[in-house]
Structure formats: structure tokens, C-alpha cells
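Peer 1: Next comes the sequence, and after it the predicted model I'd like to discuss.
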Amino acid sequence: MPLSLTENDLGRLMKAMGPRLLALARGICRDTAVAEDVVQEAFVKLWNTPPDGPEQVVPSWLKRVVVNLSINHLRRRKNTESLPEFSEDRALRHDERPERQIDLTDNMRRLESALSRLPDDKRAILVMKVYDEMSYEEIARAMDIPIGTVMSRLNRARAALKDLMEADLKHAEADPLIFPLRRAQG
Amino acid sequence: MERYECQDVQAVLSGLLDGELDADASHLAEAHLSQCRPCRDLLQQAEETDDLLRTTMARHESWPASLERRIRSEVFGVIDGAEVNHRRRRLLFAAWSGWSIAAIVMFGLGFSLSTRWPGQTPAAPGSAAGLATRESETSPTKPPLWIAPVGSEVLARDIFDDSSLLLAASESQNPVDPPAPIESAAAPAGPAETLASVETFPASAPRLSDRVLTGVESEMALAESFRDLALASATTPDAPAASASAAALEPEQPGFEAPTEALALSEPAPAASAADPATAEVLHQASVLLTFLEQAGDGSFGDVRKVQQALTSDDVLERLALARGDLDSPDSVDLVNRAWTVLEWTTGSVDQEELERVRQSIAMQDLPGRLERLSDRYWN
């Protein structure tokens, strides 16, 4: 039997789950406007065709709808890249791991930048697993892939993210900004 | 398989991290990790990246009021249920009022006509006036068609406009979480305070670029006022009075000092300054960094990192803050404050959108050019 929701229920669910759903959609789509559209569509769908069962099922139902809508959006954009072979994931080779310790803010900035440049499918799977803590089974269902490939895809996504973060760091280190000092001009 | 090698562990690294390995694989991986420091480091680094991703994404958790309004609008119609009933009552009242007003207007019109031209004789049959009179005589109780619709439409339109107020009121009764704070936008207070507050800029505070842009707008308006006054003073001998008026025009902006450097936009003759190579040097460096920041924007933040490195390696922020004490005018101090604020902002967390706005702000104010000219004054 479909869940019966009142206007107050919807308002409460929006307040409770909205921020996290919006961050989830934004993490996958990397587009605030699209993320808002996705979350809006999810809540409208909740109102019009609520899931069966008690209200406890709503959070996971909403999350699944948001993930599906976000992935559909990515598919429509058709800008996903082919996944490289695992052997090409240079970042997984520990001999190239950077030793430099950098502060949290700097790391967050590098991560934001790397996430933006990460191919859509890799970013989506990372966000689903790491931020939303979805199980491999849930991810496989959402992405319509065999459960056996979830781990290898996550491996590649993590490696690619690390690659991009390191590349950013190396780019800055290899070509530091040198002041053209006044005394040299003078 | 009896034991895992490095590549085996790396192949199941995500499964290990996510707790999704079966017992056998997990045991083999852990056995290898206990003996392989590089693989342990690799696992630790992956865990740290995951933590960083969670922290970074959690910063974006927000719930804009506009989004909730959109959802409510789509689910419940224009506004929510209680307001719909309220609105329906108001619409009925409006329609009733419209017809009532129309009736009153008609009554008043008829009364006015009858009292204004009491002795007027009926128009001759066949004339235009006569036809109109006869037409109104045939339907004395029905108001002309244009009166009632106009009245009700105006009232209905008022109500529709009013719905935005209802929404605003409902929003104020149900406050939603504010958007995620923009981190590391520094208030233009003292350098030490700002450095300390890099991570906890209040959500209610305006974005750095907003404040800078606001400064630019008022600065440009102020510059125009100065130009007007300069023109006026050119024709009147009372130049000091004009200057006093100009000072009175200076806007007060809480949280952001009034941009008296407006004069720099019209490039007045600078006051003579004592040569001070150290001040000239740091002003020049700030100018170079701002130029670099203004031209940054490949999306990788590599350029921002370079600015950060240069700021750190040359102690530019500290030297810039010290140099303010050597400046000879409040205008120059204001300019350096602005430059310092923007540069300090780059030491915090920078996102692409904010970077774009700050770049535009730097360009609009010509901060690098003005700093370089200020530097010239202290160099010679």
C-alpha cells in the first residue's frame, strides 16, 4: 500500500533530507542547477507516487531516486569517458606516491578541482560509495552494472582522482611563480 | 592462492577499504599488508582521500529556500494548502468587491449626470447622443461591460502580486538552513584576525567579491561625484568648499572602509613620498601576484597555488600589512587593504565560481595597476 504523506510530512522530509540529497546530486552532476532540478523532481515524485511501506523506507527511496535521476542526467550528457585498464592506473603504484604533507584546506581545493575534472562515471561511483555509503549491491543496481565490476570501477575512480590531485600539485611545483623583482628592473 | 602480492592487494584495495571483501580475500590482503609498508601507506592514503571527499562534500550540504519554494509550488500549485484557501477566499471577496464597486460607480455616475445637467433636454432622435441615451435607458441596471471586469482584474492582479508576499511570509515563518558558508573570505579587519578566521567566515557575511564589487560600484559613483565637483571647482574659486562637499559624499559602508582611493581612478597628482625601496618592493610584488591571479583560470587552480606559494615563501601578506604603516595617505592604505584582502582570500579554500568573481573584481578595480603606480611613488 502506497505511503500516505501529508503536507507537513513533506516539509519535514525536505528539511531533514534535502541538504544531503542536494549535496549527493551536486557531487554526481557537478552542477548546482541540475542538482536542484534532480532533487525537486525526486520530492515531486515522492508526493505524486510515494513508495510502498512505512515512512522509514522514504530516505533510501529518495536517495535511490536522486542517484538514478543524476545518472540519467549524466547519460543524457553523453560525456562519459571510457575507463582505462587497471594496469594504466599509475597512481596506484606506491613508488610514485607523493610524500608531501599539505594542509586540509589546500587538499580540499585540490580535491574539488580534481572532482570537477573526473569523468562523470568515476565521480558518480565515488560519490555514491564514499559520500553516500551505498553498498556495492546498491551501486550495481543504480548504475546497472554487475556487482563484480563495482570494485574495479571504484579502484579506477580512486586512482584517477589521486592522479588528478597529484598532477595539480606537480604542475604548481614544476613551474613556480617567480617575482620579477623591482630591483632587477631598476 | 596462498598469498597476495602488491598488485593483488592493489586490485582489491577498494573492496578492502569499503569492507566488501569476502573473508578469504580479506585475510590474504591483511596478511600482505602486515608485511608491506608501501601497500599500507597506499591504503592509508586512500582512506585519507575518502575522508577528504566526505568532508569536502559535506561542506556543500545546504537547502536553499528558493528550491523548497519551487517544490511546494509544483506539488501544491502556486502556494501551499493553507494559503490556497486563504487565496480562494480573497478571490471571492475580490470578485464581490469588483461588482460592488462597479455598482457604486454606476450609481455615482448616474447621480452625477442627473445633478450636473438637470435641465438638459433629451437629444434629438437619431443623433449619436440620443442613441446612447436610449441604449442606457433600455438596460438601466446592467453596468457597462468595461467597468466590472477592470475592477475585478485589478484586484485579482493585486492578489497575485500579493502571493509573493505570502510566500515571503511563509518563508520567514519557516526559516530554512542558510546556504553553505563561503569559507576563507576574509573580513577586511586586521590581518591577524583575518588569518585566524579563515576557516570560519560567518554564513551571513557577504562574499568577498561582493564586498569588493560593492566597493567598486560606490567607488565609481564617488569618482563621478569627485569629477563633478572638480568641474564645479574649476569654475568657482571656492575649491576647499568643494572638497568638503566631496568628503561629505563619502559613503559609509559597515565592514568595508569607504573607498577614498576613488581619486586614483581619475589619476590625481600624487603627493611626494620619501623613497622607500622595501615598501615599493612589496607593493610591486602584490601587484604582480594580483596580475597573476587576475589571469588565472585554467580550472586547475594551479595558478592559485602558485600565488599561495609565493605569498608564503616571500611573506608578502605580513610585509604588506607592515608596509601600510609607511604609507602617506588613507587612500593608499585603503588600496593596500583591498589588495591584502584579495591576496589573503587565496590562502583559503577557493572555488571556481568565486575565483571568477574575484578575478573580475581585480580587473574592474585595476588593483595591479594602481598598486604599481603606488609602488613607483615609493621607488623614486
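Peer 2: All right, it came through fine.

Peer 1: low-scoring stretches of the stretch 1-150 of chain B, by residue?
Peer 2: B:1, B:78-102, B:107-150 (pLDDT under 70).

Peer 1: For it, just list every one of the helices.
Peer 2: Assigned by DSSP state H, counting those that start in this stretch, the helices in the stretch 1-150 of chain B fall at B:6-11, B:13-18, B:23-33, B:37-58, B:65-76, B:81-116, B:128-138, B:147-173.

Peer 1: ok, the closest residue to B:H60 other than its chain neighbours - how many residues close by?
Peer 2: Spatial nearest neighbour of B:H60, chain neighbours left out: A:A23 (4.6 Å); criterion: Cβ to Cβ, 6 or more residues apart in numbering or on different chains. Any C-beta I mention is one placed from the backbone N, CA and C, and that applies to glycine too. A:A23: 24 surrounding residues under other Cβ atoms under 10 Å in any protein chain shown.

Peer 1: check which helix or strand covers A:A23.
Peer 2: Using DSSP states H and E, A:A23 sits in helix A:7-29.

Peer 1: measure the residue nearest to B:H60 to B:Y378 for me?
Peer 2: 48 Å (Cβ to Cβ, to the nearest Å).

Peer 1: Neighbours of A:E133, how many?
Peer 2: Neighbours of A:E133 (other Cβ under 10 Å): 10.

Peer 1: how about it, secondary structure?
Peer 2: coil (DSSP: H, G, I helix; E, B strand; the rest coil).

Peer 1: In the helix or strand where B:V282 lies, which residues are buried?
Peer 2: Following DSSP H and E, the helix or strand that holds B:V282 is helix B:277-295. Applying a neighbour-count criterion of 16 or more other Cβ atoms under 10 Å in any protein chain shown, one finds B:279-294 buried in helix B:277-295.

Peer 1: wait, what's in contact with A:M143?
Peer 2: A:71, A:121, A:124-125, A:128, A:150 (Cβ atoms under 8 Å, 6 or more residues apart in numbering or on different chains).

Peer 1: Give the residue spans of chain A that score low on pLDDT.
Peer 2: Where chain A drops into low confidence, which here means pLDDT under 70, it does so at A:78-105, A:172-186.

Peer 1: how about 80 then?
Peer 2: A:1-2, A:76-107, A:109, A:168-186 (pLDDT under 80).

Peer 1: ranges for the helices of it?
Peer 2: For chain A, applying DSSP state H gives helices covering A:7-29, A:32-48, A:58-77, A:104-117, A:120-126, A:136-143, A:147-174, A:182-185.

Peer 1: What residues sit buried inside the third one?
Peer 2: By that I understand helix A:58-77. Neighbour counts over helix A:58-77 (16+ other Cβ under 10 Å) mark A:58, A:61-71, A:73-74 as buried.

Peer 1: ditto for stretch B:323-340
Peer 2: Within stretch B:323-340, the residues that count as buried by 16+ other Cβ under 10 Å are B:323-324, B:327-328, B:331-340.

Peer 1: Next: stretch B:303-318.
Peer 2: B:303-308, B:310-311, B:314, B:316-317.

Peer 1: What mean pLDDT does that stretch get?
Peer 2: Averaged over stretch B:303-318, pLDDT sits at 79.

Peer 1: Just the CA atoms of that stretch, as PDB, please.
Peer 2: Only the C-alpha atoms of stretch B:303-318 are listed here, as PDB (Å, rounded to 0.1, in the frame of the first residue of the first chain):
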ATOM      1  CA  ASP B 303      47.900  29.300 -10.800                       C
ATOM      2  CA  VAL B 304      46.200  29.900  -7.500                       C
ATOM      3  CA  ARG B 305      48.600  27.500  -5.800                       C
ATOM      4  CA  LYS B 306      51.500  29.400  -7.300                       C
ATOM      5  CA  VAL B 307      50.200  32.600  -5.800                       C
ATOM      6  CA  GLN B 308      49.800  30.900  -2.500                       C
ATOM      7  CA  GLN B 309      53.300  29.600  -2.600                       C
ATOM      8  CA  ALA B 310      54.700  33.000  -3.500                       C
ATOM      9  CA  LEU B 311      52.700  34.600  -0.700                       C
ATOM     10  CA  THR B 312      54.100  32.100   1.800                       C
ATOM     11  CA  SER B 313      57.700  32.000   0.600                       C
ATOM     12  CA  ASP B 314      58.100  35.800   0.400                       C
ATOM     13  CA  ASP B 315      55.900  36.600   3.400                       C
ATOM     14  CA  VAL B 316      54.000  39.000   1.200                       C
ATOM     15  CA  LEU B 317      50.900  39.300   3.400                       C
ATOM     16  CA  GLU B 318      52.900  40.200   6.500                       C
END
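
Peer 1: Check which helices and strands the helix holding A:A23 is in contact with.
Peer 2: Other elements packing on helix A:7-29 under the criterion 3 or more Cβ pairs under 8 Å, 6 or more residues apart in numbering or on different chains; DSSP states H and E are helix A:32-48, helix A:58-77, helix A:120-126, helix B:37-58, helix B:65-76.

Peer 1: Stretch B:24-37 near chain A at all?
Peer 2: No - judged by Cβ under 8 Å from any Cβ of the partner chain, stretch B:24-37 and chain A are separated, with a smallest distance of 8.8 Å.

Peer 1: ok, residues contacting that stretch?
Peer 2: Against stretch B:24-37 from outside (Cβ under 8 Å, 6+ apart): B:1, B:3-6, B:8-9, B:12, B:15-16, B:21, B:39-40, B:43.

Peer 1: try 6 Å this time
Peer 2: B:4, B:9, B:12, B:16, B:39-40 (Cβ atoms under 6 Å, 6 or more residues apart in numbering or on different chains).

Peer 1: I only care about these that end up buried; give me the PyMOL line for that.
Peer 2: Buried residues within the contacts of stretch B:24-37, by 16+ other Cβ under 10 Å, are selected in PyMOL with:
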select buried, chain B and resi 4+9+12+16+39
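
Peer 1: residue ranges with poor pLDDT in the stretch 201-350 of chain B?
Peer 2: B:201-276, B:295-306, B:308-309, B:312-314, B:346-350.

Peer 1: can you list the residues of chain B near chain A?
Peer 2: B:10, B:14-15, B:20, B:38, B:42, B:46, B:50, B:52-54, B:56-57, B:60-63, B:67-68, B:70-71, B:74-75, B:81, B:280-281, B:284-285, B:288, B:300-302, B:305-306, B:309-310, B:349-350 (Cβ under 6 Å from any Cβ of the partner chain).

Peer 1: Whichever of those residues end up buried, select them in ChimeraX.
Peer 2: The buried residues among these can be selected in ChimeraX (16+ other Cβ under 10 Å) with this line:
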select /B:10,14,15,20,42,46,50,52,53,56,57,60,61,62,63,67,68,70,71,75,280,281,284,285,288,300,301,302,305,306,310,349,350
